[in-house]
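Q: show me how the following folds:
(2 chains)
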Amino acid sequence: MKIMVLLKQTPPTEAKLKPTADGRSLDTGSAGFIINPYDEFAIEEALRIREQLGAGEVVIASFGPADARERILRALAMGADRGLLISHDGLEDADSLTVAKILAAAIRTEAAELVLCGKQAIDDDNMHTGVMTAEILDWPHVNVVTKMELDGTKVRAERETEGGRTELCEVTLPAVFGAHKALNTPRYVSVPGVMKARKKPLEQKNPADFGLDPAALKSSIRVLTEAFELPPEKPAGRIFRDEAVDVMVDQVVRLLREEAKIL
Amino acid sequence: MKALVFIEQRDGRLKSSSCEALSVAAGLCGDSPGQVAGVLIGRDVAPLVSALKGKGVGKVYVASHDDLEHYNSLSYTRVMERAVSAFQPDVLLGMATPMGRDLFPRLAARLDAGLLTDLTAICDDQDFSGGVKPMYAGKILARVRYQGSGLKMATLRPNVFPLREGAGDAVPEVLDVSGLKDERLQTIEVRQGRGGQIDLAEATRVISGGRAMGNAENFAVLHACAEVLQAAVGASRAAVDAGYASHDMQVGQTGKTVNPGLYIACGISGAIQHLAGMKTSRVIVAINTDPDAAIFSVADYGIVADLFEAVPLLTEKLRALSDS
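A: Presented below is the predicted three-dimensional model:
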């Protein structure tokens, strides 16, 4: 079975983020980039499925800048077989739907049968691309997956919704699955793994290689991020003291409802 | 402008936050209920429509079928597509709940529409040009906008947009529900979560105890409150080291980092290691007998009192609220 994993590089969670002076872009500091943490669970699950089947190929695909190559190499060092870096040159401001169109075209070209990705990227926190890619392919998807079992052409997947509620779904392949962190524990990258990764195929592609027209893609961008800002500083809190406890509790509950609007 | 709103229900109960989306839709459409429609999907959901009167919505498309009992991204997307083609809206709104965040990307791809997710503000203009959304777990706010013409879709962060009273008769209109079933994706079982088992790192509400808890048994006070709040229970390192709580409950630098909407710190002094794990919570409540405790410096609301007096009172009031 050919399994494809969609990978995005993101700044690490500890990155010091600062909007640039004009606010139009974001300085992510010197911490570099990592594989989006949820994507690591997707890679691990793909490797486990290949191991379970005793055959198959795990292809890593990333739409992004040239240095995303380093992240693909890391996925290859974990054990994936092959990498595809789809250059974002000329489409740096692609929105998630445009990225999904490109990834869907790559998946079609590769004739993958099972696609894994992280449930969301930790930069824009959108939770879009995997789900949109599935719709463009006209495949089912299950996102926020905490457990999956492959049985022939079917997958039983557990997904988490709200309040600890879980749904058990049965899906017929081909399909897209978005990994949540409870899915598995990603393996460490070994030194021999890193050595081997350098010899594995890692092709650089453009959207045009998958039969897409870059100009049409550009004109179909529907959403733009215009500016970044830091959230406002919190004002000093309201601390109640020297009153009857039930009066103080009443005040706080009222503020939680009426001011913070959280209840 | 015409706005269509996905009205969420689960287990036959309307999700109250959907009224926030209706309020935003009413505002965008100049409080003219004829310009606002809702979509309600599920099994035997028609009786829920009457609860939508006076919420600014003129018409509610109802898709009721046994096969729609559980959320299914494939069939719900098809229903929404039918509602869009019937109403021809300019704007399609939903809430950034787990269901909304699963359905809307799929629908946006289906309709080739622009989608903004988890908005905390919308541009104050006539044609809904965009809004503000948190990124990087809330460390950054981004201004996002639509480009080009075509349907504008958005999900809104719950508990942000105020409710407004409106007119609107919420007249039901039955949608065609034939040919929706898709064998490729089926929900076999739904397991309900229990308050005490909510994953700490993912919880939208957390109540934590510190050294002042005194022993493991006393955590029952927090569990009782957590049950009412649908919250996860956490602990400070001091409480874990003292053996009052297990390590997987630890919030802080060497434990879990949490970013819930509401964090209630009970008998926690507020060591820097603890603050590192919870200070990005949207609203922080601190309860401590020591008015100089560091936890009060990050708290939005504080109560200087014994937690064993304050927390049971809090639980009681919250229960009264949720019952009303």
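Q: quick one: mean pLDDT over stretch B:293-310.
A: Averaged across stretch B:293-310, the pLDDT comes to 96.
Q: does it come close to chain A?
A: Yes: for stretch B:293-310 and chain A, the contact criterion (CB under 8 Å from any CB of the partner chain) is met by B:296-306, B:309-310. C-beta: built from backbone N, CA, C; applies to glycine.
Q: narrow these to those that are buried.
A: Listed as buried from those are B:296, B:298-305, B:309-310; burial here means 16 or more other CB atoms under 10 Å in any protein chain shown.
Q: farthest-apart pair in the residues you listed, please.
A: Greatest spacing in those, by CB to CB: B:V298 and B:E309 (22.6 Å).
Q: is stretch B:170-189 in proximity to chain A?
A: Yes: Stretch B:170-189 reaches chain A (CB under 8 Å from any CB) through B:182-189.
Q: show me which positions of that stretch end up buried.
A: Within stretch B:170-189, the residues that qualify as buried are B:170, B:172, B:175, B:177, B:180-182, B:184-186, counting by 16+ other CB under 10 Å.
Q: the longest helix along chain A: how far from the chain's middle?
A: Taking DSSP state H as the criterion, chain A has its longest helix at helix A:37-53. Its chain's C-alpha centre and that of helix A:37-53 lie 14 Å apart, by CA atoms, centre = their mean, to the nearest Å.
Q: tell me which residues are up against that helix.
A: Contacts to helix A:37-53, defined as CB atoms under 8 Å, 6 or more residues apart in numbering or on different chains, come from residues A:1, A:3, A:5-8, A:10, A:13, A:35, A:56-58, A:60, A:75, A:78-80, A:114, A:116-122, A:148, A:150, A:177-181, A:183-187.
Q: which of the residues you listed fall within helices?
A: If you go by DSSP H, the contacts of helix A:37-53 have A:75, A:78 in helices.
Q: contacts with chain B among the contacts of helix A:37-53, please.
A: Filtering the contacts of helix A:37-53 for neighbours of chain B using CB under 8 Å from any CB leaves A:13, A:122.
Q: show me which of the residues of stretch B:170-189 next to chain A is closest to B:I207.
A: Ranked by distance to B:I207 (CB to CB), the residues of stretch B:170-189 next to chain A are led by B:E189 at 29.5 Å.
Q: immediately after the helix or strand harbouring the closest one, which helix or strand?
A: If you go by DSSP states H and E, B:E189 is part of strand B:185-191. Using DSSP H and E, the helix or strand that follows strand B:185-191 in sequence is strand B:205-209.
Q: can you give me the domain assignment for chain B?
A: Domain ranges of chain B: B:3-174, B:195-323, per automatic domain parsing.
Q: where among those domains is average confidence lowest?
A: domain B:195-323 (a mean of 89).
Q: any stretches of the stretch 101-250 of chain A with poor pLDDT?
A: Along the stretch 101-250 of chain A, segments meeting pLDDT under 70 span A:163-164.
Q: from B:K55, how far out is B:S23?
A: Relative to B:K55, B:S23 is positioned 8 Å away (CB to CB, to the nearest Å).
Q: for the closest residue to B:A293 other than its chain neighbours, give me its contacts.
A: For B:A293, ignoring the flanking residues on the chain, the nearest one in space by CB to CB, 6 or more residues apart in numbering or on different chains is B:S269 at 4.9 Å. By CB under 8 Å, 6+ apart, the residues touching B:S269 are B:210-211, B:236, B:238, B:288, B:290, B:293-295.
Q: now, the residues you listed that are in helices?
A: In helices, judged by DSSP H, the following of the contacts of B:S269 are found: B:238, B:295.
Q: now the contacts of B:S269 as CSV including distance to B:T280 and neighbour count?
A: Formatted as CSV, the contacts of B:S269 follow (distance: CB to CB, whole Å; neighbours: other CB atoms under 10 Å in any protein chain shown):
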residue, distance to B:T280, neighbour count
B:G210, 19, 28
B:R211, 23, 17
B:S236, 17, 33
B:A238, 21, 22
B:N288, 20, 27
B:D290, 24, 13
B:A293, 19, 21
B:A294, 16, 17
B:I295, 15, 27
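Q: just the contacts of B:S269 now: which is nearest B:D323?
A: Nearest to B:D323 among the contacts of B:S269 is B:N288, at 28.6 Å by CB to CB.
Q: list the beta-bridge partners for B:V171.
A: B:K59 (DSSP bridges).
Q: quick one, what contacts it?
A: Applying CB under 8 Å, 6+ apart, we find B:V171 in contact with B:58-60.
Q: need phi/psi at residue 130.
A: Let's take chain A. phi -60, psi -50 (degrees, to the nearest 10).
Q: that's the other chain; I wanted chain B
A: Per degrees, to the nearest 10, the backbone of B:G130 is at phi 160, psi -150.
Q: wait, doesn't it sit right on B:R143?
A: Yes: the pair B:G130 / B:R143 is scored as a contact, 6.8 Å apart, by CB atoms under 8 Å.
Q: buried set for stretch B:272-285?
A: B:273-275, B:277-285.
Q: ok, stretch B:253-270 next?
A: B:255-270.
Q: likewise for stretch B:118-136?
A: For stretch B:118-136, burial by neighbour count (16+ other CB under 10 Å) applies to B:118-120, B:122-123, B:128, B:130-136.
Q: is chain A within reach of that stretch?
A: Yes: applying CB under 8 Å from any CB, one finds stretch B:118-136 in contact with chain A at B:118, B:130, B:133-136.
Q: ok, which pair from the residues you listed is furthest apart?
A: Within those, two members stand farthest from each other by CB to CB: B:G130 and B:Y136, at 18.8 Å.
Q: does the residue nearest to B:A293 sit in a helix, a strand or a coil?
A: B:S269 falls in the coil class when you classify it by DSSP: H, G, I helix; E, B strand; the rest coil.
Q: residues touching the residue sitting furthest away from the middle of chain B, list them.
A: Here chain B reaches farthest from its C-alpha mean at B:A242, the gap being 34.7 Å by CA atoms, centre = their mean. Taking CB under 8 Å, 6+ apart, we find B:A242 in contact with B:R211.
Q: tell me the spacing between it and chain A.
A: Distance, B:A242 to chain A, using CB to the nearest CB, to the nearest Å: 25 Å.
Q: put the alpha carbons of the longest helix along chain B into PDB.
A: Counting residues, the longest helix found in chain B (DSSP H) is helix B:307-323. Taking C-alpha atoms only, helix B:307-323 is exported to PDB below (Å, rounded to 0.1, in the frame of the first residue of the first chain):
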ATOM      1  CA  LEU B 307     -10.400  26.900  49.400                       C
ATOM      2  CA  PHE B 308     -12.400  24.400  51.500                       C
ATOM      3  CA  GLU B 309     -14.900  27.100  52.200                       C
ATOM      4  CA  ALA B 310     -14.900  28.800  48.700                       C
ATOM      5  CA  VAL B 311     -14.800  25.800  46.400                       C
ATOM      6  CA  PRO B 312     -17.900  24.100  47.700                       C
ATOM      7  CA  LEU B 313     -19.800  27.400  47.500                       C
ATOM      8  CA  LEU B 314     -18.500  27.800  43.900                       C
ATOM      9  CA  THR B 315     -19.700  24.300  43.000                       C
ATOM     10  CA  GLU B 316     -23.100  25.000  44.400                       C
ATOM     11  CA  LYS B 317     -23.500  28.300  42.500                       C
ATOM     12  CA  LEU B 318     -22.300  26.700  39.200                       C
ATOM     13  CA  ARG B 319     -24.600  23.800  39.600                       C
ATOM     14  CA  ALA B 320     -27.500  26.200  40.100                       C
ATOM     15  CA  LEU B 321     -26.500  28.000  37.000                       C
ATOM     16  CA  SER B 322     -26.200  24.900  34.800                       C
ATOM     17  CA  ASP B 323     -29.600  23.700  36.100                       C
END
